[in-house]
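> Take a look and give me a structure for this.
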Amino acid sequence: MTRFLFFVLVATLGVGAEAPLPNKQQLRERALQSLKKSEKDLEKYSCLVRTQEDELNADGSIKKHKTREEERFFVNGVEVNHLLARDGKPLPAADAKKEQQRVNYEAKKYSDPKNVEKRHAEDEKQIDMFLKALSFTNERREYRDGRSTIVFDLSGDPSFHARNLDERFASAMVGRISIDEETGNIVEMHAQTNRDVKIGGGLVASVHKGFRVGLIQQREPDGVYIDKMAEGSGEARAALFLHPRFRFREDLDKCHLFSVDTQQSVQSPVSPAPGVKP
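Okay, here's the model as predicted:
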């Protein structure tokens, strides 16, 4: 009877029903800790990534269509992409050799802890910039696949003074972001610019109002988060080159577990090198 009365009291008053909602800074710290802990686990994964890019006419019809297939793997938590094919065709031998050399260089580079620390510092700086440029409002808790997710509405912080294109782009975004409460990892984000963003009066660079971006991350069975989908569409301009309407989408096709010795040459799945176990 006492136990029954206790549950009635909890249901009536809401006492202890849910933990207080974490704020964006708390989630930031969880995300950084989660990234650090998952660095070694990420190295177990190799994923096939398919990317399509469309240049559009003014009426929205496709002017040019391009595709890429890449193998994505991780060295000390840093992703490295190995281009395998363009527009459905494997790279010519000369291009494949150059690409292999570039991939080997990237793998060796990020096997050095100093370079990894530098990369992580740059990523952390970028995260902090977005946190300052954006207001995270209307905080609420939702449940997705049995996990608690914190959802925020996004809009530019009027007190933030943007100085470059990245900062101006961030402060012009409006949308929604969902973050895993336990780990701080982004689960899903969709946003778009609510005004034109210009540098040098638009002569240096500009992003037009309505430019959209989206991101979905996938949680693997061992708790590692990997990008499942990234997309964007709109109009942008860089220097004196006008880019008409365009859109891109990157999809994670599949992942498999493997191990990699970053001191060895990292080959494509077709012909793995010594040190790479499919």
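
> who's in contact with His190?
Contact analysis of His190 by C-beta atoms under 8 Å, 6 or more residues apart in numbering lists Gly175, Arg176, Arg212, Val213, Gly214, Leu215. To be clear about C-beta, it is placed using only N, CA and C from the backbone, and glycine gets the same treatment.

> Low-confidence regions, the stretch 101-250 of the chain specifically.
199-205, 237-244 (pLDDT under 70).

> Helices along this protein, start to end?
In the chain, the segments counted as helices under DSSP state H are 2-13, 24-42, 93-109, 113-133, 165-171.

> Between those, which one is closest to Ala85.
helix 93-109 (9.8 Å; C-beta to C-beta).

> Mind giving me the packing neighbours of the closest one?
In this structure, helix 93-109 makes packing contacts with strand 78-86, judged by 3 or more C-beta pairs under 8 Å, 6 or more residues apart in numbering; DSSP states H and E.

> on that earlier part again, pipe the contacts of His190 into CSV and attach distance to Phe130 per row.
Shown next, in CSV, are these (distance: C-beta to C-beta, whole Å):
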residue, distance to Phe130
Gly175, 12
Arg176, 14
Arg212, 16
Val213, 12
Gly214, 15
Leu215, 12
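
> check contacts around the closest residue to Lys66 other than its chain neighbours.
With sequence-adjacent residues excluded and distances taken as C-beta to C-beta, 6 or more residues apart in numbering, Lys66 is closest to Glu53, at 4.6 Å. Glu53 sits next to His65, Lys66, Thr67, Arg68, Phe246, Arg247, Phe248 when contact means C-beta under 8 Å, 6+ apart.

> okay if I get those as a markdown table plus distance to Glu235 and neighbour count?
Output for the contacts of Glu53, formatted as a markdown table (distance: C-beta to C-beta, whole Å; neighbours: other C-beta atoms under 10 Å):
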| residue | distance to Glu235 | neighbour count |
| --- | --- | --- |
| His65 | 18 | 11 |
| Lys66 | 18 | 12 |
| Thr67 | 22 | 14 |
| Arg68 | 22 | 17 |
| Phe246 | 8 | 17 |
| Arg247 | 10 | 16 |
| Phe248 | 13 | 13 |
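
> and the gap between Ala121 and Asp128?
Plainly put, Ala121 is 11 Å away from Asp128 if you go by C-beta to C-beta, to the nearest Å.

> Can you read off the pLDDT for Lys24?
Looking at Lys24, its pLDDT reads 87.

> Next, the contact list for it, please.
Lys24 is in contact with Leu131, Phe136, Phe152, counting by C-beta under 8 Å, 6+ apart.

> Most neighbours out of these, which is it?
Of all the contacts of Lys24, Phe152 has the most neighbours under the rule other C-beta atoms under 10 Å, reaching 22 neighbours.

> can you tell me how far that one sits from Glu43?
31 Å.

> wait, Gln217 sits on Ile186?
Yes. Gln217 lies in contact with Ile186 (C-beta atoms under 8 Å); the separation is 5.6 Å.

> Neighbour count: those two, which is higher?
Per other C-beta under 10 Å, whichever of Gln217 and Ile186 has more neighbours is Gln217, with 20 against 17.

> tell me, how many neighbours does Lys125 end up with?
Lys125 has 9 neighbouring residues, counting by other C-beta under 10 Å.

> do Val207 as well
What Val207 shows, counting by other C-beta under 10 Å, is a neighbour count of 22.

> returning to that earlier point: can you say which of the helices of the chain is nearest to Val224?
Nearest of the helices of the chain (C-beta to C-beta): helix 24-42, 4.8 Å.

> C-alpha coordinates for the closest one, CSV please?
Taking Å, rounded to 0.1, in the frame of the first residue of the first chain, the C-alpha atoms of helix 24-42 are listed here in CSV:
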residue,chain,number,x,y,z
LYS,A,24,24.0,23.4,-24.5
GLN,A,25,27.2,23.9,-22.6
GLN,A,26,26.7,20.6,-20.7
LEU,A,27,25.9,18.8,-23.9
ARG,A,28,29.1,20.3,-25.5
GLU,A,29,31.2,18.8,-22.7
ARG,A,30,29.5,15.4,-23.1
ALA,A,31,30.1,15.5,-26.9
LEU,A,32,33.8,16.3,-26.4
GLN,A,33,34.2,13.5,-23.9
SER,A,34,32.3,11.1,-26.1
LEU,A,35,34.5,11.9,-29.1
LYS,A,36,37.6,11.3,-27.1
LYS,A,37,36.4,7.9,-25.8
SER,A,38,35.3,6.8,-29.3
GLU,A,39,38.5,7.5,-31.2
LYS,A,40,39.8,4.0,-31.0
ASP,A,41,36.4,2.5,-31.7
LEU,A,42,36.0,4.6,-34.8
